[in-house]
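S.K.: The following block contains a protein sequence and its predicted model.
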Amino acid sequence: MSENKTELKRSLGLIDATSLVAGSMIGSGIFIVTSAMARDIGSAAWLLVIWLVTGLITVAAALSYGELAGMMPNAGGQFVYIQRAYGRLVSFLYGWTVFTVIQTGVIAAIAVTFANYAAIFFPVLDQTLFTVGTGFIFSHQKVLAIFSIILLTYINTKGVESGKTVQLIFTSAKLIALFALIVLGLYVGLQTDVLSNNFANMWEASKTVVNPDGTITVTKLAGMAILGAAGATIINSLFSSDAWNNVTFIAGEIKEPKKNIPRSLFLGTLIVTVIYVLANLAYLALLPMQGTPNAADSLSKGIMFASNDRVGAAAASIIMGNVGVFVMAALIMVSTFGCNSGLILSGGRLFFAMAKDGLFFKQATELNKNQVPAKALWVQCIWACVLCISGKFGDLLTYATFASLLFYILTILGVFILRKKEPNADRPYKAFGYPVVPAIYIIVTSAICFTLLIYDTFNTGLGLCIVALGIPVYYFVMNKKE
């Protein structure tokens, strides 16, 4: 009986793990961020190149992670890999950043997005319950967002089978819906000249800015300016493609993890990469890149100026008319709900692993009667709800995305470090294309981080500050243990 209190049960197969990878990646980003990217780069060809590069480095990272997952098939994933390569301090800083911002901040942001789109069907959700000062507004939307986090946490405490079922259903639904959007979008779009017009001057890049007075400033980009703009705006597509590593957090519950985790990482990231590139091609077939901000219809607004950046909804309205807005809203609700189910399921396992190592609340090591780290899940739930209420998760996510990239680089660099430190360690799967593929990921992602430091110094600096705040917390925790 006591063994069941501390050991997770392996009950997830390859399909379940692949579903978690894909389901955690596909949230609301693919339906929104292309508008901002279009304004930043202004070129159809460069837009697709950025999405392709995002997909390639994500798949490269997943192929490299497979080696670490095979070596350490236990709950905690990236936290465990970092600790083995760099020690407890660096692993704590990773866990600290994941708990304070990355995992909980994403959960909060996705829950609020779910509630925002629910308001299209239920306008009462837009009503304000109360305000504090001029900056804080608490509405029915936030109540629904918080309720969705609590509900999904409760479902996941009932056992991994419950979480698996929700994840599989919602991932299947959104993959089918996305394929439908792509097929119908290309079918309708290719009957017009929109795609050919978008590719008429496909390599001519520009940055478009809407001024406070409503006028537009367009700056042509050339040479290094194009690479700088691409390196800065790729943060949008990288954020939309993130969370693929969450499957490693639940390694302790995956059957044959030494084989199934590497396979699920590759399959999940490859499937999502193909979908994302095709979805953007569908957008380009339906909507012109350029447009007019205050135009009356989606076609005239174009990709750049889709209402509230909802390029997915704009594309759906071209295919199905006004009903397309409701169809897309329903798709995004399904997508975000399923995405949060996967994030909540996996995040709790990371904090469970931290607690077992003495770097998180001791109670988080306890498993309930369903062999689930329920207390870790509820701690995650509480902090995500606090971020929902505060409304600051959007800013925090911007700061943390840079820090998240740094930890990805450190983790994949760990493949090289452990090859040297532990040459005889059991490696059921070896990183594909080693050392070239892992090295390409490290070089390309480092270049992106360097570009972000130059072009977005404030947000990247704050991201580093969030990580650095974990240093005094770590020593405080360690002193209390002594």
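M.R.: Structure received. Everything numeric in this text was worked out from a predicted model, so none of it was measured.
S.K.: Least confident secondary structure element in this protein?
M.R.: Ranked by mean pLDDT, DSSP states H and E, the helix or strand of the chain with the weakest confidence is strand 136-139, at a mean of 74.
S.K.: Pull the residues that contact that one.
M.R.: Residues outside strand 136-139 that contact it (C-beta atoms under 8 Å, 6 or more residues apart in numbering): 125-132, 389, 391. C-beta here means a position set from N, CA and C on the backbone, and glycine is covered the same way.
S.K.: Then stretch 68-77?
M.R.: Contacts of stretch 68-77 (C-beta under 8 Å, 6+ apart): 8, 80-81, 84, 245-254, 257-259, 261-262, 265, 349-350, 352-354, 411, 414-415, 418, 425-429.
S.K.: out of the residues you listed, which are buried?
M.R.: Neighbour-count burial (16 or more other C-beta atoms under 10 Å) is assigned, among the contacts of stretch 68-77, to 8, 80-81, 84, 245-254, 257-259, 261-262, 265, 349-350, 352-354, 411, 414-415, 418, 427-429.
S.K.: returning to that earlier point: C-terminal to the least confident helix or strand of the chain, what's the next element?
M.R.: Counting by DSSP states H and E, the next helix or strand C-terminal to strand 136-139 is helix 140-157.
S.K.: Could you identify the helix or strand that succeeds that next one?
M.R.: Next along the chain from helix 140-157, counting by DSSP H and E, comes helix 160-189.
S.K.: Could you name the helices and strands sitting against that next one?
M.R.: Judged by 3 or more C-beta pairs under 8 Å, 6 or more residues apart in numbering; DSSP states H and E, helix 160-189 is in contact with helix 14-25, helix 140-157, helix 257-286, helix 311-320, helix 323-356.
S.K.: right, and those - which one's nearest F305?
M.R.: helix 311-320 (9.2 Å; C-beta to C-beta).
S.K.: mean confidence for the closest one?
M.R.: Averaged across helix 311-320, pLDDT comes to 89.
S.K.: Going by neighbour count, list what's buried in that helix.
M.R.: By neighbour count on 16+ other C-beta under 10 Å, the buried set for helix 311-320 is 311-319.
S.K.: Check stretch 112-122 too.
M.R.: Under 16+ other C-beta under 10 Å, the buried positions of stretch 112-122 are 112-120.
S.K.: likewise stretch 42-62?
M.R.: 42-51, 53-62.
S.K.: cool, and stretch 10-26?
M.R.: Within stretch 10-26, the residues scored as buried using 16+ other C-beta under 10 Å are 10, 12, 14, 16-26.
S.K.: Specify the angle between the helix or strand containing T58 and helix 14-25 in degrees.
M.R.: T58 is part of helix 44-71 when elements are defined by DSSP H and E. Per axes from the mean of the first three to the mean of the last three C-alpha atoms, to 10 degrees, the angle that helix 44-71 makes with helix 14-25 is 130 degrees.
S.K.: So for helix 44-71, mean pLDDT?
M.R.: The average pLDDT within helix 44-71 is 91.
S.K.: Quick check: what element follows that helix along the chain?
M.R.: helix 78-86.
S.K.: Now that following helix - C-alpha only, CSV.
M.R.: Coordinates of the C-alpha atoms in helix 78-86 are reproduced here as CSV (Å, rounded to 0.1, in the frame of the first residue of the first chain):
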residue,chain,number,x,y,z
GLN,A,78,13.4,18.4,-18.6
PHE,A,79,13.9,19.1,-14.9
VAL,A,80,15.6,15.7,-14.4
TYR,A,81,17.7,16.1,-17.6
ILE,A,82,19.0,19.5,-16.5
GLN,A,83,19.8,18.4,-13.0
ARG,A,84,21.8,15.4,-14.3
ALA,A,85,23.8,17.6,-16.7
TYR,A,86,24.2,20.8,-14.6
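S.K.: between the helices and strands packed on helix 160-189, which gets nearest to V372?
M.R.: Using C-beta to C-beta as the measure, helix 140-157 is the one of those that comes nearest V372, at 5.5 Å.
S.K.: How far away from the center of its chain is that closest one?
M.R.: 19 Å (C-alpha atoms, centre = their mean, to the nearest Å).
S.K.: quick one: that helix to helix 160-189, angle?
M.R.: 130 degrees.
S.K.: Pull the contacting residues for the spatially most central residue of the chain.
M.R.: Of all residues in the chain, the one closest to the mean position by C-alpha atoms, centre = their mean is D242, 3.3 Å from it. Residues near D242 by C-beta under 8 Å, 6+ apart: 25, 106, 401, 404.
S.K.: A229: helix or strand, and which one exactly?
M.R.: helix 224-240.
S.K.: Just the buried residues of that helix, please?
M.R.: Within helix 224-240, the residues that count as buried by 16+ other C-beta under 10 Å are 226, 229-240.
S.K.: Return the members of the contacts of strand 136-139 classed as buried.
M.R.: Buried among the contacts of strand 136-139 (16+ other C-beta under 10 Å): L125.
S.K.: hmm, which two among the contacts of strand 136-139 are most spread apart?
M.R.: Most distant of the contacts of strand 136-139, by C-beta to C-beta, are L125 and V132, 19.5 Å apart.
S.K.: Pretty sure I182 sits against A282.
M.R.: Yes: judged on C-beta atoms under 8 Å, I182 makes contact with A282 at a distance of 4.9 Å.
S.K.: Between those two, point out the one with more neighbours.
M.R.: More crowded of I182 and A282, by other C-beta atoms under 10 Å: A282, with 26 against 21.
S.K.: follow-up on the earlier one: quickly check the buried residues of stretch 10-26 for the two that are furthest apart.
M.R.: R10 and I26 (25.6 Å).
S.K.: so where's this protein uncertain?
M.R.: 1-8, 75, 133-136, 163, 391-397, 481-482 (pLDDT under 70).
S.K.: hang on, the earlier thing: can I get the buried residues of helix 224-240 in a markdown table including distance to I275?
M.R.: Output for those, formatted as a markdown table (distance: C-beta to C-beta, whole Å):
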| residue | distance to I275 |
| --- | --- |
| I226 | 26 |
| A229 | 25 |
| A230 | 21 |
| G231 | 24 |
| A232 | 24 |
| T233 | 20 |
| I234 | 18 |
| I235 | 20 |
| N236 | 16 |
| S237 | 13 |
| L238 | 16 |
| F239 | 16 |
| S240 | 11 |
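S.K.: quick revisit: check which residues of the least confident helix or strand of the chain are buried.
M.R.: In strand 136-139, counting by 16+ other C-beta under 10 Å, buried: S139.
S.K.: For it, which strands pair with it and how are they oriented?
M.R.: Strand 136-139 pairs in its sheet with strand 128-132 (antiparallel), by DSSP bridges.
S.K.: residues in contact with the strand it pairs with?
M.R.: With C-beta under 8 Å, 6+ apart as the criterion, strand 128-132 contacts 137-140, 143.
S.K.: Which of the residues you listed sits closest to G463?
M.R.: Comparing the contacts of strand 128-132 against G463 with C-beta to C-beta picks out I137 as the nearest, at 26.3 Å.
S.K.: So what pairs up with the closest one in the strands?
M.R.: T131.
S.K.: Confirm for me that I303 is in contact with A282.
M.R.: No: using C-beta under 8 Å, I303 is not in contact with A282; the gap is 11.2 Å.
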